[in-house]
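**Q** how would this look folded up:
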Amino acid sequence: MGAAAETVVILAAGQGTRMRTSKPKVLAELCGRPMLAYVVEGALALEPQRVLIVIGKGADEVREKISTLFPDAPIEFVLQEEQLGTGHAVQCCSDSIDSTSRSVLILYGDMPLLRAETLMQLQQEYLEQGSRACLLTVHALDPRGFGRVIRSRDSSGSAGGALERIVEERDASPEQLALREVNVGVYLINTEELLRLLPTLQNNNAQGEYYLTDIVHALASDGGGVQPVVVADPEEAIGVNTLRHLAEARRGIQDRILERHLAAGVFIEDPDTTFVDWDVEIGTGTRILPCTVIRSGVRIGEGCEVGPFSHLRVGSVLDNGAEIGNFTETKKAHVGAGTKAKHLSYLGDVSIGSGANIGAGTIVANYDGVNKHHTDIGDRAFVGSGSVIIAPSTVGADATTGGGAVLTGGSVVPPGDVWIGVPAQSLADRKAKKGRGPDPSTEGAKP
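**A** Sure, this is the predicted structure:
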């Protein structure tokens, strides 16, 4: 599509004092990625020529994280050393905005629920209406401090026309406070007009800050041409300023993730108790049972079963038909096709072949207090209940460990062999030693 927003500015320098965290607010995680990443992803869907991200608190950390997540994107970072308002943040970008571009889209880094489709609608309205500026608004039951949108009245007296002005909540009259259309703060503005008005911003207000709304006021009063575009879903307008807001945003992102998997043929029995990060892959026909947590990067094949009360952590891969059940946790575990680990187990840094059975209470102990080590369990192996396998160890194909066996680090169970005991030894060796009886050469010797 012919992109109107050739330049996108994302305001991401806020300190987030109400979040009560030392971490930059925009890096707060939502379903396995920073909330700023969702905003960047939405901006990139418009195929802009440049994305300018205004950074402040934790600038180096934000720059490194976003550059890692979007290594090939046309992203540049602009430092706002002092946070003096939204207008000041865009002023910091003045030298980086290409005056030949048609328009500039201004977004906020703490609005992760804003959909790319909504931004495309904003862009389409801008192109069709020939506006000098468009802004997103929403009809909110709880205005949450947003400025009220004042529209002109048509010939019938209905207030549904062009934007006249935005009244901040603290300055609004009782009549204006009763209005429910509020300014979201997302703008698409003609580049020439934006660059003309940015130097005129004043900070003669109680906060001593420069506000973008003053540019909207100037355009609306100077010949109009400012078009509000209503967001259909109020949830998209959630801005994250507190941990409560973060929880609301996480629920919204989570619902979208689960909906995507449901639409792809994944059976999720209870979405309200299922937590799946944004980049998890799940094959068709897999069943996710209640109270299950699946973290970023996990890959699950077709026809698997996970849960209830399972926790799949980073690096876990389940091949087709694998089953991970009650109170089982995996971490960097590759579980082969048809393998089952159904009860009360920890599988850390392990590769398990196909058709294996991992008994209840099994622990693959990967950490020795200093380093982590890998364990291999072969095809069709049978790991008895209560087994502890201390890495690094190997359990061969078709091998068995008896219930309660403890394989010490460095153990190698040959294919088809059976090991039992503490520390575990080959059953055949134990029987051979027992059958030999006492050593005749030691009979009669004094202790």
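**Q** Doesn't residue 333 belong to a strand?
**A** Yes - according to DSSP: H, G, I helix; E, B strand; the rest coil, residue 333 belongs to a strand.
**Q** sec struct for the residue nearest to residue 425 when sequence neighbours are not counted, please.
**A** Ranked by C-beta to C-beta, 6 or more residues apart in numbering and with sequence neighbours excluded, the top spatial neighbour of residue 425 is residue 419, at 6.2 Å. Glycine gets a C-beta too; all of them are placed from N, C-alpha and C. Secondary structure for residue 419, judged by three-state DSSP, is strand.
**Q** Tell me how far residue 419 lies from residue 180.
**A** Shown here: residue 419 relative to residue 180, a distance of 70 Å by C-beta to C-beta, to the nearest Å.
**Q** and the lowest-mean-pLDDT helix or strand in the chain, what other elements does it pack with?
**A** Scoring the helices and strands of the chain by mean pLDDT, DSSP states H and E places helix 427-436 at the bottom, with a mean of 77. Under the contact definition 3 or more C-beta pairs under 8 Å, 6 or more residues apart in numbering; DSSP states H and E, helix 427-436 sits against strand 418-420.
**Q** Give me the distance from the strand it packs on to the chain's centre.
**A** Centroid separation between strand 418-420 and its chain, computed with C-alpha atoms, centre = their mean, to the nearest Å, is 44 Å.
**Q** quick one on the thing from earlier: more neighbours: residue 419 and residue 180, which one.
**A** residue 419 (26 against 15; other C-beta atoms under 10 Å).
**Q** I figured that one hits residue 400, correct?
**A** Yes - taking contacts as C-beta atoms under 8 Å, residue 419 lies within contact range of residue 400: 7.4 Å.
**Q** which of the residues in stretch 238-251 are buried?
**A** For stretch 238-251, a neighbour-count test (16 or more other C-beta atoms under 10 Å) marks 238, 239, 240, 241, 245, 246, 249, 250 as buried.
**Q** sorry, back to before: any chance you could list what contacts the least confident helix or strand of the chain?
**A** Helix 427-436 has contacts (C-beta atoms under 8 Å, 6 or more residues apart in numbering) with 402, 417, 418, 419, 420, 421.
**Q** go again using 10 Å as the cut-off
**A** Residues from elsewhere that reach helix 427-436 (C-beta atoms under 10 Å, 6 or more residues apart in numbering): 400, 402, 405, 417, 418, 419, 420, 421, 424, 425, 426.
**Q** could you dump the residues you listed to a markdown table with distance to residue 100 and pLDDT?
**A** Output for those, formatted as a markdown table (distance: C-beta to C-beta, whole Å; pLDDT from 0 to 100):
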| residue | distance to residue 100 | pLDDT |
| --- | --- | --- |
| 400 | 73 | 98 |
| 402 | 76 | 96 |
| 405 | 73 | 97 |
| 417 | 74 | 97 |
| 418 | 76 | 97 |
| 419 | 74 | 97 |
| 420 | 78 | 96 |
| 421 | 78 | 95 |
| 424 | 73 | 94 |
| 425 | 78 | 93 |
| 426 | 78 | 94 |
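**Q** Report the buried members of those residues.
**A** Buried among the contacts of helix 427-436 by 16+ other C-beta under 10 Å: 400, 402, 405, 417, 418, 419, 420, 424, 425, 426.
**Q** So the fifth one versus residue 398, what's the distance?
**A** Spelled out, it's residue 418. Noted for residue 418: a distance of 10 Å to residue 398, by C-beta to C-beta.
**Q** Much appreciated, bye for now.
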